[in-house]
Every structure is written in C-alpha cells, then in structure tokens.
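Visitor: Requesting a structural model of the entry that follows:
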Amino acid sequence: MESAELDRQIAEVLEKGFDGSFAVFCAKTFSSFSYPAQNLAAARMHAHYMRMALEALSDPEMKARLLSGAPLQAGDRWTALCLSVGAESYRSALESDRPVCELFVEGWCRLLAS
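Guide: So this is what the prediction gives:
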C-alpha cells in the first residue's frame, strides 16, 4: 500500500472511529492469546494504545521519528511499546494490503502474550 493511502486511512479512522467488524476482529484476536498477569490490563486496552499510535503516526514529524527507528522519549513503558508496535504496523502495512489497525492489534496482543 502506498504511504498516502495509508495516511488517508489513518486519518479516516481517527475521524470516524472503528466499525463493528473491526471490534469483532479485535475480540477474536485478543482472545486467541494468553497473557501473563502483568500484561493483561494493557492487552485489554489494545484499542486505547492503537489510537495513541495512530495519533502519533498522523503527525508528520512524529511519524518520521517513529519510522526512522530513532530512540523515543516516551513517558512510560506502555507508551513506548505502543509507538514501537505502531511503527512496525505502519511499515508492514506499506508492504501489504492489510489494514494498519489489524496489524497493530495482532502485534500488540502477540507482544503482550510473550
């Protein structure tokens, strides 16, 4: 997928929110993993952290920093993880036709299940 199209999709999600089919996807993805107790709360908040990542990716300066791989000065562990998963999801979406939101939820749940 081209960067301009991906950026358009991110802007649309931020403006309109998520549809019902995406909520079903999230529920199925979340429930397909087992989480250690210390990660369960953050795993449940996948939509919150995805929104944070999408907001960061919608800012051109922040997106450039995230995609460059430069170290981030994130406020806490969870924010740093969500930005890292967001950047990886963005890169993966550029190389495929998969929606960045689905890639984020899969990556977030997989990471927190480990």
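Visitor: Show me what whichever strand or helix holds Ala64 is packed up against.
Guide: Assigned by DSSP states H and E, Ala64 belongs to helix 60-68. In terms of contacts (3 or more Cβ pairs under 8 Å, 6 or more residues apart in numbering; DSSP states H and E), helix 60-68 is packed against helix 46-57, helix 77-94. In short, each C-beta sits where N, CA and C put it, glycine included.
Visitor: Quick check: most distant residue from the centroid of this structure.
Guide: Within the chain, Ala37 marks the point farthest from the mean C-alpha position, 21.3 Å out by Cα atoms, centre = their mean.
Visitor: Can you pull the phi/psi pair for that one?
Guide: Dihedral pair for Ala37: phi -50, psi -40, per degrees, to the nearest 10.
Visitor: same thing with Met45?
Guide: Main-chain dihedrals, Met45, degrees, to the nearest 10: phi -90, psi 30.
Visitor: how much space between it and Cys82?
Guide: Relative to Cys82, Met45 is positioned 9 Å away (criterion: Cβ to Cβ, to the nearest Å).
Visitor: Verify the contact between Arg65 and Gln73 for me.
Guide: No - using Cβ atoms under 8 Å, Arg65 makes no contact with Gln73, being 9.7 Å away.
Visitor: These two: who's more crowded?
Guide: Each of Arg65 and Gln73 has its neighbours counted (other Cβ atoms under 10 Å); Arg65 has more, 17 against 8.
Visitor: quick one: contacts for that one?
Guide: Counting by Cβ atoms under 8 Å, 6 or more residues apart in numbering, Arg65 makes contact with Leu72.
Visitor: Please report how far it lies from Ala56.
Guide: 9 Å.
Visitor: before we move on, what about Ala93?
Guide: For Ala93, the distance to Ala56 - Cβ to Cβ - is 15 Å.
Visitor: Ok, Glu15 next?
Guide: According to Cβ to Cβ, Glu15 stands 16 Å off from Ala56.
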